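Novice: kindly return the folded structure for what I paste below:
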Amino acid sequence: PETHDPFALLEKAVTAPMSTGPHRLQMAMFWIDQAGLHNHPSTIVAHHHTLSLLELCLMLRPTVESQHQLIAQLPLELPATAFAFAVQAGQFAHAVELLEQSRGFLWGRLARFRHPLHAIKDVDVDLANELEATGKELERLLLAGDAPNAPSVTLGVLQPFASHRITSDLQIQRLHRASQRWEKAVNRVRQLDGFNAFLQTVPFPELQKAAVDGPIIIVSTCGDRTDALIVCFDRPSVHIPVRGVKWDDINRLSTKLAKNLDSIIQSDNTQPSTGRKGKRRKEEVAIENVLKKLWSLIVEPIANALENLGISRQSRVWWYPVSVFCKLPLHAAGPYLDEKLNFCDLYISSYTTSFARSLKSRAAALEQSMSKDHPSMLIVGVPGEPDGDYFLENVESEIDGISRCWHSVTSSPLQTLVGENAASESIRRILPQ
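Specialist: Model (predicted):
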């Protein structure tokens, strides 16, 4: 039956087979804006469509540079808003899926500088080439690319559907055949090892496995809302609402921290740290105040929740910061009082950029442990100069301590690069070994 629900019509536009990927992505972003503005329950569905279409559009872009151009047109808060809407609806599994899909592959694209089809080419070159060719053919047919004045589609301007009319029965037949080839190629990719979620959202039970080595603590802020979500391997996720804390509050803490750290670095040019004794500098006091505030607003409720979950002290936890939280040392937060414990006294902290990254790291570690090859270690230390911009006094003693621990349990090789020897060229030469 015909519907006049504007959000149902938006979903039809987003899933229209006769529209290009970029145009559908435009409509999906418009759907997110309108659904959020009217607090409509379809907001989560709109985010799912947006992220799937974004991944498709990125894959069909020929170069990393063109991918970055597309990413640059997206709102920076997309991962945080997707997470916030799902958490607000009480759909914690969806919240993790959306966050992982958005922040995970966006971070991956920016970090790897690698075209997404390359990973498929590593496994099946012919299939990757077929997928790429079919995708380009679909875009050409949908844009009526044979016409010299075929319109281009950008995220900035909504193009009318008339721009994408299929002008002949023959073209419809070609489009239908290309669509069938595309679906078959995508399904074949999903049969490859490690690609079962290709162009799909990875389900939460699969992501949850990343927490086997310790709970993953997601902290995110967006607009007037701040949330923490503790994802555990063997129990339901725990939501910690942070009431009354806005994005602006967290951004002010981040700005204050960065300002005082910069001030310390600049002043060390004329007053090296080895020459300072006694009274603490005002910048150090200001940084401690930031860590105290971070503790009272965000980290203390998380520490209490971990204790209530029965997470043993001095066990490992993983921070997954989102948005402006990426600029804050969550692990260093604490009351900084003699009779009180800081977070680093309670738990051993690590950071992760995505659940997928944690899963891959664990798989690599398991593969290494089962390999006949002996493990090896490279230690890189850059202490700086005593009269330079910075100087870390204990680098060499820490390297000695790590070396002693290593040699006490294994005879496998250990290499160290310290100071001037720790050049990037040297590190790149040794890492493949």
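
Novice: run the chain-centre distance for the strand or helix carrying Asn260.
Specialist: Secondary structure assigned from DSSP states H and E places Asn260 in helix 247-267. Using C-alpha atoms, centre = their mean, to the nearest Å, the mean C-alpha position of helix 247-267 is found 23 Å from that of the whole chain.

Novice: and the strand or helix carrying Arg24, which residues are buried?
Specialist: Assigned by DSSP H and E, Arg24 belongs to helix 21-37. For helix 21-37, the buried set under the neighbour-count rule, 16 or more other C-beta atoms under 10 Å, comprises 21-32, 34-36. C-beta: built from backbone N, CA, C; applies to glycine.

Novice: those residues: which two are farthest apart?
Specialist: Gly21 and Gly36 (22.6 Å; C-beta to C-beta).

Novice: hang on, the earlier thing: what mean pLDDT does the helix holding Asn260 have?
Specialist: Confidence over helix 247-267, taken as the mean pLDDT, stands at 89.

Novice: please put the alpha-carbon coordinates of it into PDB.
Specialist: Written as PDB, here are the backbone C-alpha positions of helix 247-267 (Å, rounded to 0.1, in the frame of the first residue of the first chain):
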ATOM      1  CA  TRP A 247      30.800  17.600  24.900                       C
ATOM      2  CA  ASP A 248      31.800  21.100  25.800                       C
ATOM      3  CA  ASP A 249      32.800  20.100  29.300                       C
ATOM      4  CA  ILE A 250      35.100  17.300  28.000                       C
ATOM      5  CA  ASN A 251      36.500  19.500  25.300                       C
ATOM      6  CA  ARG A 252      37.400  22.100  27.900                       C
ATOM      7  CA  LEU A 253      39.300  19.500  29.900                       C
ATOM      8  CA  SER A 254      41.100  18.400  26.800                       C
ATOM      9  CA  THR A 255      42.000  21.900  25.800                       C
ATOM     10  CA  LYS A 256      43.300  22.700  29.300                       C
ATOM     11  CA  LEU A 257      45.400  19.600  29.400                       C
ATOM     12  CA  ALA A 258      47.000  20.300  26.000                       C
ATOM     13  CA  LYS A 259      47.700  23.900  26.800                       C
ATOM     14  CA  ASN A 260      49.600  23.100  30.000                       C
ATOM     15  CA  LEU A 261      51.500  20.200  28.400                       C
ATOM     16  CA  ASP A 262      52.600  22.600  25.600                       C
ATOM     17  CA  SER A 263      53.600  25.100  28.200                       C
ATOM     18  CA  ILE A 264      55.800  22.600  30.000                       C
ATOM     19  CA  ILE A 265      57.500  21.500  26.800                       C
ATOM     20  CA  GLN A 266      58.200  25.000  25.800                       C
ATOM     21  CA  SER A 267      59.600  26.000  29.200                       C
END
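
Novice: check which helices and strands the next helix or strand after that helix sits against.
Specialist: For helix 247-267, the following helix or strand on the C-terminal side (DSSP H and E) is helix 282-294. Applying 3 or more C-beta pairs under 8 Å, 6 or more residues apart in numbering; DSSP states H and E, one finds that helix 282-294 contacts helix 247-267.

Novice: which other helices and strands contact the helix or strand hosting Ala133?
Specialist: Following DSSP H and E, the helix or strand that holds Ala133 is helix 125-142. Other elements packing on helix 125-142 under the criterion 3+ C-beta pairs under 8 Å, 6+ apart are helix 43-60, helix 116-121, helix 169-190.

Novice: which elements pack onto the shortest one?
Specialist: Read that as helix 116-121. Where contact means 3+ C-beta pairs under 8 Å, 6+ apart, helix 116-121 is packed against helix 43-60, helix 125-142.

Novice: just name the shakiest helix or strand of this protein by mean pLDDT.
Specialist: helix 105-112 (a mean of 53; mean pLDDT, DSSP states H and E).

Novice: burial count for the nearest residue to Leu414 once chain neighbours are set aside?
Specialist: Ranked by C-beta to C-beta, 6 or more residues apart in numbering and with sequence neighbours excluded, the top spatial neighbour of Leu414 is Met377, at 4.7 Å. The local packing of Met377 (other C-beta atoms under 10 Å) involves 13 other residues.

Novice: returning to what we had before: quick one: which of the helices and strands packed on helix 125-142 is nearest Pro75?
Specialist: Comparison of the helices and strands packed on helix 125-142 against Pro75 by C-beta to C-beta identifies helix 43-60 as nearest, at 10.4 Å.

Novice: between that closest one and helix 169-190, how many degrees?
Specialist: Orientation note: helix 43-60 sits at an angle of 90 degrees relative to helix 169-190 (axes from the mean of the first three to the mean of the last three C-alpha atoms, to 10 degrees).

Novice: do I have it right that Ala332 meets Tyr351?
Specialist: No. Contact criterion C-beta atoms under 8 Å: Ala332 and Tyr351 do not qualify, at 11.9 Å.

Novice: all set, thanks.
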